[in-house]
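1. What follows is a predicted protein model with its sequence.
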Amino acid sequence: MRISTVTMFEQSLNSLNRQQGEFLKVGQQIASGRRVVNPSDDPLAASRAVSVGQSISSVEQFASARVSVRNSLSQGESVLNSVSDSLVRAKTLLVQASSDTLSPVDRQSVAAELRGLREGLLGQANTTDGNGRYLFGGFKDSAPPFERPNGSDTITYQGDSNVRVQRVDGFREMPVSDTGDKIFGDIFDTLQTAIEALEAEGQQVDHESLRESMRKVDASFDNVLTVRASMGARLNELDAIDTVAGNRMLSYQQTLSQLVDLDYAEAITEYSLRQVGLQAAQRAYVDVQGLSLFDYLR
Amino acid sequence: MSIFNIGISGLNVAQSALTTTSKNISNVYTPGYNREVTIIGEAAGQGGVQVNETQRQFDRFVSDQLNAATSQSSALASYEKQISQIDNLLADGDAGLAPLMQNFFAAVQDLTGAPSDPATRQGLLGAADMLTSQFRSFDGYLSDMQQGVNSQLRDEVSQINTLTGQVADLNREIALVRGRTGEVPNGLLNQRDHLVAKLSEHMDVRLNVQDGRSYSVTLPDGQPLVNGQKAYALEVIRAPNDPQREVIGYGGPGGKVQPLSENAIRGGTVGGLMTFRSEALDRVQNQLGQLTVSLGVAVNRLQGQGEDLNGDPGEPFFAMGSPQVNAYPGNQSSSTATAKIDVDNIDQLLAADYTLRFNAGGSVEITNKTTGQRSAGQLDGDNTLSFGGVTMSFSEVPGSGDRFEVQPVRRAARGFENLISDLGKIVTGEPGGGSGDNRIALKMQRLQDEPIVGGNASLTQAYSGIVNEVGNRTSVVQANLEARQGITDQLRAVQQSESGVSLDEEAANLLRFQQFYAANARVIDTASTIFDTLLGLRN
């Protein structure tokens, strides 16, 4: 076949361009550390990377939810810890008070301490979180869940029985707290009854009433322990989820890396290969362009 | 004939051949030049030599093949150039739309932890602002590309018109020269063939040679662009079905300019642009719109189910661009139409455009322009029509044959906005739930896993679908371009092997004809010597 001068020029130039393109492509991959730079480099990997990215984002969301739930539960647990201490103390006081050797004055001082414990419990029941939101009021977290109407000694629950849940894992929505009515039950009434019994005029205490109060304090104590145990269990569950989620995250990140990241060993081999190719094309270009019959016409 | 005359005839021929060779050498890099060969023949009965013709080395068959291949590779090249821009736009995984959606839902998750906290509410508004502005700017980029296609079409058409005008002029000139001198005007023929080759880069044309002389150039469907000495211009006109879109119009011999169908021209830069627009650009813009509307409607619906911090019913969170409707100019009735998203049937909303064609009595044929699927519909008593996740209202019953173009989601992303600026207006809970109620926020968080796009894909799946589709289309176009370019290069080498100048060959010719000339000069010298010898006899 006749080869025209233009063809010789164009073909050398084309192969030069092609080699240069391939060389630059590998260079770009090495510079970015990514095998898939544009979706067209590997459409399937690029679109799967988007999905894996979403999975990673979900895992991160759940991790952040767990931090928030853990805060809330730890705070709740620590409050309940104090509450159970107060109840133990109340029980001790009631046992002391039921002794016949106690003078009316001593009973008054026991009553006074019980009153103090009751006030303390009220404060604990109205604990707020870092944002000033009440922990134990259910959805009604902007006002104290336990209120004492003016001039009265009665304490009533103003919250609701809803518990906020948060999504701590793909298929787990966890209650972040428990509601005040469930935790505290009728403890305020119980203590009030006991206080009133101790403050009553007369030499003898109403033993029957005190026994009833002790029974109720015991029941409350059990209840608080149960709720505390449930919060503790949830905290343990969060730890377990953390471990599993950590593994899952690692595996997602590995998948993502396998999808789009560069295998450097392979890329560098390719890089050297392309470099040789480009050099050869350049050499060929110079040689071909340097050949002319005119050079021999003297 | 005398030796002397024979020598002179040889000298003349050698000179002619050297002229041709020098012409070839000087035009080695001239685009469109076809090499010439001096055809030498015996001067009949006289013993001398003569130039029969100076022949242009041109093969019509190869040239036609090359032009067709050029049209195809130039179409793919312009398609590739365009779609690569979208491919690049989607390239940066960290700055794409997926992280912004994830960011939005992460803010929703923060809200579930502290529903009435101003900081988490502010965080959500910030994420929503960022999400909407990036959707808008993505769409803005695509809209700029739509405008870019319009203006490139104008450029292309003006160049095509110049070229066809020049072909018509050359038809006339070539006829004139032929008529006047009877000679073959090789230079003009080269120019004309070169014009046709250039035309093939812009669009696919058909070439017919009439009477072996005059070039007639037509559109792929056979309508004339150049007929003899007359050229018919193309125009860029507004599409009848979309005021923001420009298409190619053609008047032809009749003179009344009509829009050409969008797939009438498939080759050349024009064909590449048109195919890219209808196959890729419209599609991506619709997919983005579908994503926008699906997200917006789902969030707005949940907001509407609850109560804000002031105890008021929730207001819409997002605004989206409305569906577009265009009545065809030729409709017989003056019925106008509007369309809105049919929130209750949002699952049916697709990333597609529709053409409605009415028959008598309000019955209508609905064509999905993406899939080509047709379905039948019937106008309701109150002149409304629901299909594909949109509800249309007509001002009156359209006439038989009336057509409407509906683009449910094309402009949705352009109008995507966060409507809420007052922190208290974000709805997190159900009516009466209180400030700590996060039930609506939890439902919003769950939206990211639900198949809210077209009833079968989550937001991420839909977005990764866009990435996959654009990536695939780009890589297919790149592969096709490479293959097609290989064929074109091959044909070009074949064409060049026939018509291109080889300097080595010309150098050899130069040497050869120089010797040829010298030999003939020697013949004359010899003749002269003989003559002198004869003259000397008398002395």
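-> Arrived safely.
2. What is the burial count for residue A:275?
-> 14 (other CB atoms under 10 Å in any protein chain shown). Where C-beta positions appear, they are placed from N, C-alpha and C, glycine not excepted.
3. quick one: it is in a helix?
-> Yes. Applying DSSP: H, G, I helix; E, B strand; the rest coil, one finds residue A:275 inside a helix.
4. Tell me who's in contact with it.
-> residue A:23 (CB atoms under 8 Å, 6 or more residues apart in numbering or on different chains).
5. tell me which element residue B:238 is part of?
-> For residue B:238, the host element (DSSP states H and E) is strand B:234-239.
6. Need the pLDDT of residue B:1.
-> pLDDT, residue B:1: 66.
7. Over to residue B:305?
-> 96.
8. That one and chain A: what is the separation?
-> 16 Å (CB to the nearest CB, to the nearest Å).
9. Now that residue. Nearest residue, chain neighbours left out?
-> residue B:440 (6.4 Å; CB to CB, 6 or more residues apart in numbering or on different chains).
10. With residue A:223 instead?
-> Per CB to CB, 6+ apart, closest to residue A:223 is residue A:185, 5.8 Å.
11. Likewise for residue B:377?
-> Per CB to CB, 6+ apart, closest to residue B:377 is residue B:364, 4.7 Å.
12. next SSE after the strand holding residue B:238?
-> Next element after strand B:234-239 (DSSP H and E): strand B:242-250.
13. any idea how far that next one is from the chain center?
-> Averaged C-alpha coordinates place strand B:242-250 at 14 Å from its chain's average position (CA atoms, centre = their mean, to the nearest Å).
14. before we move on, back to that, let me see the contact set for the residue nearest to residue B:305.
-> So residue B:440 contacts B:302-303, B:305-306, B:314, B:427-430 (CB under 8 Å, 6+ apart).
15. ok, now how distant is it from residue B:304?
-> Taking CB to CB, to the nearest Å as the measure, residue B:440 falls 10 Å from residue B:304.
16. tell me, what's touching those two both at once?
-> Common neighbours of residue B:440 and residue B:304 (CB under 8 Å, 6+ apart) are residue B:314.
17. Residue B:271: which element?
-> helix B:268-276.
18. do residue B:88 as well
-> Using DSSP H and E, residue B:88 sits within helix B:60-89.
19. does any part of that helix sit near chain A?
-> Yes. Using CB under 8 Å from any CB of the partner chain, we find that helix B:60-89 touches chain A at B:84, B:87-88.
20. Can you tell me which of these are buried?
-> Among these, those scoring as buried are B:84, B:87 (criterion: 16 or more other CB atoms under 10 Å in any protein chain shown).
21. I'd like the residues of helix B:60-89 next to chain A laid out as CSV, including distance to residue B:176 and pLDDT.
-> What follows is the residues of helix B:60-89 next to chain A, written out as CSV (distance: CB to CB, whole Å; pLDDT from 0 to 100):
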residue, distance to residue B:176, pLDDT
B:84, 47, 95
B:87, 51, 93
B:88, 52, 91
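22. quick check, nearest of the residues of helix B:60-89 next to chain A to chain A?
-> residue B:87 (4.8 Å; CB to the nearest CB).
23. how close does that closest one get to residue B:478?
-> 9 Å.
24. which neighbours do the two share?
-> Common neighbours of residue B:87 and residue B:478 (CB under 8 Å, 6+ apart) are residue A:40.
25. Pull out the buried positions in the strand or helix carrying the residue nearest to residue B:305.
-> Taking DSSP H and E as the criterion, residue B:440 maps to helix B:439-446. Within helix B:439-446, the residues scored as buried using 16+ other CB under 10 Å are B:439-445.
26. can you pull the contacts of residue B:40?
-> With CB under 8 Å, 6+ apart, residue B:40 has these contacts: B:13, B:17, B:49-52.
27. which one of those residues is nearest residue B:414?
-> residue B:17 (68.7 Å; CB to CB).
28. mind checking which helix or strand the closest one is in?
-> helix B:3-26.
29. do the same with residue A:160
-> Using DSSP H and E, residue A:160 falls outside every helix and strand.
30. Then residue B:370?
-> Per DSSP H and E, there is no helix or strand for residue B:370.
31. Give me the three-state assignment for the residue nearest to it when sequence neighbours are not counted.
-> Computed as CB to CB, 6+ apart, the closest residue to residue B:370 that is not its neighbour in sequence is residue B:352, at 4.1 Å. What three-state DSSP gives for residue B:352 is coil.
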